[in-house]
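S.K.: what's the 3D shape of this:
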Amino acid sequence: MIMLQSEGHGCIYSIDSEGVLYMSPQYQNGTVNLEDWIEVESVDELDEEGVKEIHEKLITMMKAIGWYFSN
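M.R.: Numbering: from 1, shown residues only. Down below sits the predicted model:
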């Protein structure tokens with residue numbers, strides 16, 4: 001699983017092999033529950049927070065290792 005932490009968001013992001021974006025909250029002590037993923041409903045609506053850029057970075061990383069499969 002590839003994950004990306006973004007400064008100031010208080011969570012980490014990951015995608016599945018088809019590009020669906022998920023987030024998991026990061027606790028105050030810096031830990032993350034890897035069983036607590038929430039699907040990000042609309043990447044475009046959250047673009048002002050830089051989520052679209054995070055999504056694109058995750059897709060690039062997944063393509064680099066051969067784990068991303070677009071339709």
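S.K.: only C-alpha atoms for contact and neighbour calcs from this point on.
M.R.: Will do.
S.K.: for the residue nearest in space to the middle of the chain, which non-adjacent residue is closest in space?
M.R.: In the chain, the residue lying closest to the centroid (CA atoms, centre = their mean) is Tyr13, at 2.5 Å. Excluding its sequence neighbours, the residue lying closest to Tyr13 (CA to CA, 6 or more residues apart in numbering) is Met23, at 4.4 Å.
S.K.: what helices and strands are in contact with whichever strand or helix holds the one you found?
M.R.: Per DSSP states H and E: Met23 is located in strand 21-25. Using 3 or more CA pairs under 8 Å, 6 or more residues apart in numbering; DSSP states H and E as the contact criterion, the elements in contact with strand 21-25 are strand 11-15, strand 38-39.
S.K.: tell me which of those sits nearest to Met62.
M.R.: With CA to CA as the criterion, Met62 lies closest to strand 11-15 of the helices and strands packed on strand 21-25, at 8.4 Å.
S.K.: could you dump that closest one to CSV, C-alpha only?
M.R.: Provided in CSV are the C-alpha atoms of strand 11-15 (Å, rounded to 0.1, in the frame of the first residue of the first chain):
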residue,chain,number,x,y,z
CYS,A,11,-4.6,12.6,7.6
ILE,A,12,-2.8,10.3,5.2
TYR,A,13,-4.0,9.5,1.7
SER,A,14,-3.9,6.3,-0.4
ILE,A,15,-5.5,5.0,-3.6
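S.K.: in it, what's buried?
M.R.: Neighbour counts using 16 or more other CA atoms under 10 Å place 11-15 of strand 11-15 among the buried residues.
S.K.: report all helices and strands that that strand contacts.
M.R.: Going by 3+ CA pairs under 8 Å, 6+ apart, strand 11-15 lies up against strand 3-5, strand 21-25, helix 51-64.
S.K.: if we go to 6 Å?
M.R.: strand 3-5, strand 21-25 (3 or more CA pairs under 6 Å, 6 or more residues apart in numbering; DSSP states H and E).
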